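Peer 1: Model the structure of this input:
(4 chains, ligands or ions: 2)
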Amino acid sequence: MQETLPPLLQETGIPLHEYQEIVRLLGREPNRLELYLFKVMWSEHCAYKNSRPLLGLLPKDGPAVLQGPGENAGVVDIGEGWAVAFKIESHNHPSAVEPVQGAATGVGGIIRDIVAMGARPIALLNSLRFGELSSPRTRYLLRGVVGGIAHYGNAIGVPTVGGEVYFHPAYQENPLVNAMCVGLLRVEELKRSRASLGRPVYYVGSKTGRDGIGGAAFASEELSEENESKRPSVQVGDPFMGKLTLEATLEAIRQGLVEGVQDMGAAGLTSSLSEMAHKSGLGLELNLDRVPRREPGMTPLELMLSESQERMVLVPRPGKEKDLEALAARYGLDAVPVAHTVAEPVFRVVAGGEVVAEVPIRALAEAPTYVREGREDPAIARARARDLSDLPLPQDLEGVLPRLLATPNLCSRSPIFERYDHQVGTNTVLLPGRGDAAILRIKGTRRAIAVKVDANPRYCRLAPRLGAMHALAEAARNVSVVGARPLAYTDGLNLGNPETPEGYFELSETLQGLAEASRALGLPVVSGNVSLYNEGPSHRIPPTPMVGVLGLLEEVERRAELGFRKEGEFVVLIGPEGGYLGASEYLWLEHGLEAGSPPPLELALEARVQAAIRELIRRGWVQTAHDVAEGGLAVALAEMCFSYGLGATVELRSQVRPDALLFGEAPSRVLFTVDQTHLHPATKHLEEAGLPYRILGQVGGDRLTILLPKARLEWGVGDLRRAWEAPLREVLP
Amino acid sequence: MRVAVVQFPGSNCDQDALWALRLVGLRAELVWHTEGSLEGFQAAVLPGGFSYGDYLRAGALAKFSPVMQEVRRLALRGYPVVGICNGFQVLTEAGLLPGALLANTNLHFTCKEVYLRVERTDLPFTSAYAQGQVLRLPIAHAEGRYYADEETLERLEQNRQVVFRYAPAPHAAGGPDHNPNGSLHDIAGIVNEGGNVLGMMPHPERAVEEVLGGTDGLGLFWSLKAALEVLPA
Amino acid sequence: MRYHLTLLIELKDGILDPQGRAVEGVLQGLGFRVEGVRVGRVLEMEVEARDEAEARAVAQRIGQALANPVMEVFVVEAVKELV
Amino acid sequence: MRYHLTLLIELKDGILDPQGRAVEGVLQGLGFRVEGVRVGRVLEMEVEARDEAEARAVAQRIGQALANPVMEVFVVEAVKELV
Ligand SMILES: Nc1ncnc2c1ncn2[C@@H]1O[C@H](COP(=O)(O)OP(=O)(O)O)[C@@H](O)[C@H]1O
Ligand SMILES: [Mg+2]
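Peer 2: Ligands and ions are numbered 1, 2, ... in the order given. As a prediction, this is how the structure comes out:
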């Protein structure tokens, strides 16, 4: 026995101490198939070995929470019997290998998670990170990823309503592709991944092929030349089958045919079936001979590890088996009872009449966790500490704005979102580009939801804890400035190797920051995803906690968009005029520096600013509002001119250095417009709330004019707009 | 008056069409593509989406669905049939409308607002519009470039079968950019010779409520309703 | 008998093929001296038939069903007996 | 010399071909006894080359440039001299 071990360990990549633990749990040596079951179930992707203890820091409860982390997606109550399921998920490595299919299957996978909760998907968002836009590889990846998202989302008929894209050199070797989906359900139709004793477990959907063998494990490994050869066979998304599987599953739920639902995602049959049984406190016996296959000659190992797409697990209610089969047949789908639950808490796999694997179900589900020592990368501490007060002032302040608007991180995203169907379903109230968050109305009610996903890589790289706090604050602010009250969030944590002190430090700081911001803003996490080991040979990605916040508008008519709409309205700023240069986009563009500390964030103030703008919108006084983010006040004002081509004249009085005044960044700042009639009540409300504000000027004309204490700057809105629109259009014509 | 909204596998604007039809008070029902009869329906809508995944060619595989026989029968008897986006592609593939819809010249799916001019108001689909009225409607397609040979195009023009044409935004400077897909003669929608089968690429059902950003699509549904009210049941 | 069929479905001459044009641009950018690039589809499949003549007839009928005569032509590129 | 090249770019075996599967389902529904339908792309183009061997080498290089090695394979289906 001893001499056969090393090759198997080498082949699976399981570390010796984990192998010893497996032997202890089994009370014997595992066979090859069993060892592979452990390999995938104990992968970082499935088991959260390094993140689980830290995830415990996040608050998970709140008045609106119907389902927190632990299921396929989180669910919040939005009133009138309706609930919303949402989750974000990464598909970074598959997208790096094959951008079109990687992104497409990422979208398909997150949609199935939402469907598994009994919810009809109503919106998709995505969060993308690439290396520098000028690099040919980035362009290839960007085109492919956007194409893949469009291919899947458009065809399956779920609108892609929002997202974010950043370009940063540290993502050059390891791009990030995270997809978020939001679904709508009736509270009473909420489904979980459960089965009762003795029930048949049905496999519904597409056939199983040799797709993405070992993908879950692959997703947890660093990309290197060496494991190029380990490339799994590419998973191909089939939105057509995806659509049929979605409709069949939702109809089965609506007709009361099923008691439990689970999607088959990473680690396919192995993870979906073993986790479902484990959550149900039961065991399960799987008969591989029944599994529908696409190719002849598939081995038990291949069947267990296949990540073929468009497959679901449904557990029929007693007596509804035939109805379920008939329903699936109507959609032309396979529906086969491949397994059944058993009392004995084991995961048993049968093939050709023989037991080919049998392991305690707990052992699979409860991988060891690790708590490590973190240490900050001293180079990052040095960059953060850098004194920026001696930076020269730009010669040509006026010239900075069009350049800033044309940087890859701030330029118009319309060449991307034009390729996504953002209206199918006829619920999209605020289209991409029109507001800081997307708004979707709930048919048959006056309600609507707002969603936005955010994370600033510069902030997170320079100060992981503060950066994570910013990510949540900003996503929530975006939801608030359209008028919605944030209810909860989902988080996609994308980081580097946690086994290095620097990587672990970033992971732990990120979670502590998120936890602190969650508590201060009163926002629980209801779902999320962790993707570690995102690094290439020479770069670790910046910690990237993509935070997707979901909010509620009680009356969809009371909302705000970001564009100036009415001549003569007053432009008001909540918060201070001056911003910080540290970690700003301006600093990178004009000085080539990523340095300094991200702006300080006072969470209590942030919460009050958000409450105030929501209140002004709710009262019907404000219909235009925009948060001041990257690029500072000047960029925010310019963006407000673009929707309708209306300019403004504003005056800034602060004595801070003019570049910090115009382009410095700071949280807790919101610009809004208000007409003469409501100016006084609005400002009075801000005074009563004890918030700093200033009336900056008025909307009008086709130029943006900014008066500074010692200068007058002026731009044609059309000129700014052209600068803003060009860069991505060149890549995505 | 009952309107059938045909669901092909992969249709995804079926619910949206249903919603818009019901909004103007029409009795609309979903009909699965395997249905062998449209008895009792006075109109059919072929909605947008990706029937059969749009594999091979948009609309190419849906034309074989059993329900298409019935759609053809309804059309032959003079009842209104509307194909929106993918529905338009299915109608051309099935030969119920002339021409074909090819890949957009920009080679990618495009979702945005466009303007179109109403060329004819004496139809069951356009009576609520004014002649020459310019509508603002969303498009969302990858294969919308209308193509027909010279002869067919000429016949379409002579018979006034072009119902909607892409046009510049009102008050805009104009230019060639108003045509989003390269369709010949700026065609956005056509009818058959009988004037009872309409195919159009833009999505009127996406512009039926203020909250969605526009109501220019409503006219089509009101027109249909008015037309159905005077039809023999 | 089993036969392997290969069918080509291509755009008629004279119909604008933006995809072909895009591919041509890419290839020329890479330094290839190509012209007149056209992109179509190839379908491969297996059928049962008594003999080659029947297999060819089936291929014809499949081509007719799948190609759109308004803008496409199809060619039965190959019919091969399988062993 | 001018040559006409025909290249086929097809999915590797074992890679799911959703398009082929959908077409297969429809053809079977129409009564055709087909199996294993795969859909790929065919590219036709013209190139300048000294002789057939060179034309074939160019076709190879074009196939390498256009096929996605992660998922696709290409075949030079035909190289014909034009007159
Ligand atoms: N960063 C996170 N924050 C909150 N919840 C998380 C996070 N990462 C994972 N979760 C939760 O842990 C559970 C397991 O996640 P995952 O394995 O990604 O689910 P699935 O297999 O359905 O994709 C899910 O309920 C998920 O929402
Ligand atoms: Mg899941």
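Peer 1: Next one: the residue lying farthest from the centre of chain C from ligand 1, what distance?
Peer 2: Distance from the C-alpha centroid of chain C peaks at C:G31, with 27.0 Å (Cα atoms, centre = their mean). For C:G31, the distance to ligand 1 equals 45 Å [Cβ to the nearest ligand atom, to the nearest Å]. (Each C-beta comes from the backbone N, C-alpha and C, glycine too.)
Peer 1: again with A:N31
Peer 2: Distance of A:N31 to ligand 1, given as Cβ to the nearest ligand atom: 25 Å.
Peer 1: how far away is that residue from chain D?
Peer 2: Distance from A:N31 to chain D, counting by Cβ to the nearest Cβ, to the nearest Å: 26 Å.
Peer 1: Can you verify my assumption that that residue contacts A:A357?
Peer 2: Yes. A:N31 lies in contact with A:A357 (Cβ atoms under 8 Å); the separation is 6.8 Å.
Peer 1: Look at these two and report which has more neighbours.
Peer 2: The neighbour comparison of A:N31 against A:A357 (other Cβ atoms under 10 Å in any protein chain shown) goes to A:A357, with 24 against 15.
Peer 1: give the contact list for that one.
Peer 2: A:N31, A:L33, A:E34, A:L37, A:P300, A:M304, A:F347, A:R348, A:V349 (Cβ atoms under 8 Å, 6 or more residues apart in numbering or on different chains).
Peer 1: tell me which residues form a beta bridge with it?
Peer 2: A:V349 (DSSP bridges).
Peer 1: could you measure it against A:E21, distance?
Peer 2: 18 Å (Cβ to Cβ, to the nearest Å).
Peer 1: can you check A:E555 too?
Peer 2: 55 Å.
Peer 1: So for these two, which residue has more residues nearby?
Peer 2: Set side by side, A:E555 and A:E21 show more neighbours around A:E21, with 17 against 13, by other Cβ under 10 Å.
Peer 1: so what's that one up against?
Peer 2: Counting by Cβ under 8 Å, 6+ apart, the residues that A:E21 touches are A:P368.
Peer 1: separation between it and A:T369?
Peer 2: As judged by Cβ to Cβ, A:E21 and A:T369 stand 12 Å apart.
Peer 1: Can you pull the phi/psi pair for the residue farthest from the centre of chain C?
Peer 2: phi 100, psi 0 (degrees, to the nearest 10).
Peer 1: again with A:R28
Peer 2: phi -170, psi 180.
Peer 1: Now tell me which helix or strand of chain A has the poorest mean pLDDT.
Peer 2: Within chain A, no helix or strand scores below helix A:215-219, which has a mean of 51 by mean pLDDT, DSSP states H and E.
Peer 1: what does the domain assignment say about chain A?
Peer 2: Chain A is divided into the following domains under automatic domain parsing: A:1-29, A:560-733.
Peer 1: quick one, which of those domains is packed in tightest?
Peer 2: domain A:560-733 (a mean of 20; mean count of other Cβ atoms under 10 Å in any protein chain shown).
Peer 1: any residue of that one up close to chain B?
Peer 2: Yes. Contact of domain A:560-733 with chain B (Cβ under 8 Å from any Cβ of the partner chain) involves A:P733.
Peer 1: Between its first and last residues, how far does that domain reach?
Peer 2: This stretch, domain A:560-733, spans 30 Å end to end (Cα to Cα, to the nearest Å).
Peer 1: what's the distance between it and the middle of its chain?
Peer 2: How far domain A:560-733 lies from its chain's middle: 26 Å, per Cα atoms, centre = their mean, to the nearest Å.
Peer 1: weakest of the domains of chain A by average pLDDT?
Peer 2: Among those, domain A:1-29 carries the lowest mean pLDDT, a mean of 82.
Peer 1: wait, what's in contact with A:E80?
Peer 2: A:E80 is in contact with A:I442, A:T445, A:R447, counting by Cβ under 8 Å, 6+ apart.
Peer 1: Quick one: the residues you listed as a markdown table, columns for pLDDT and distance to ligand 1 too.
Peer 2: Below are the contacts of A:E80 laid out as a markdown table (pLDDT from 0 to 100; distance: Cβ to the nearest ligand atom, whole Å):
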| residue | pLDDT | distance to ligand 1 |
| --- | --- | --- |
| A:I442 | 98 | 23 |
| A:T445 | 97 | 27 |
| A:R447 | 98 | 24 |
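Peer 1: Secondary structure and neighbour count for the residues you listed - can I get that in JSON lines?
Peer 2: JSON lines is the format used below for the contacts of A:E80 (DSSP: H, G, I helix; E, B strand; the rest coil; neighbours: other Cβ atoms under 10 Å in any protein chain shown):
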{"residue": "A:I442", "secondary structure": "coil", "neighbour count": "20"}
{"residue": "A:T445", "secondary structure": "coil", "neighbour count": "15"}
{"residue": "A:R447", "secondary structure": "coil", "neighbour count": "19"}
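Peer 1: Right, I'll leave it there.
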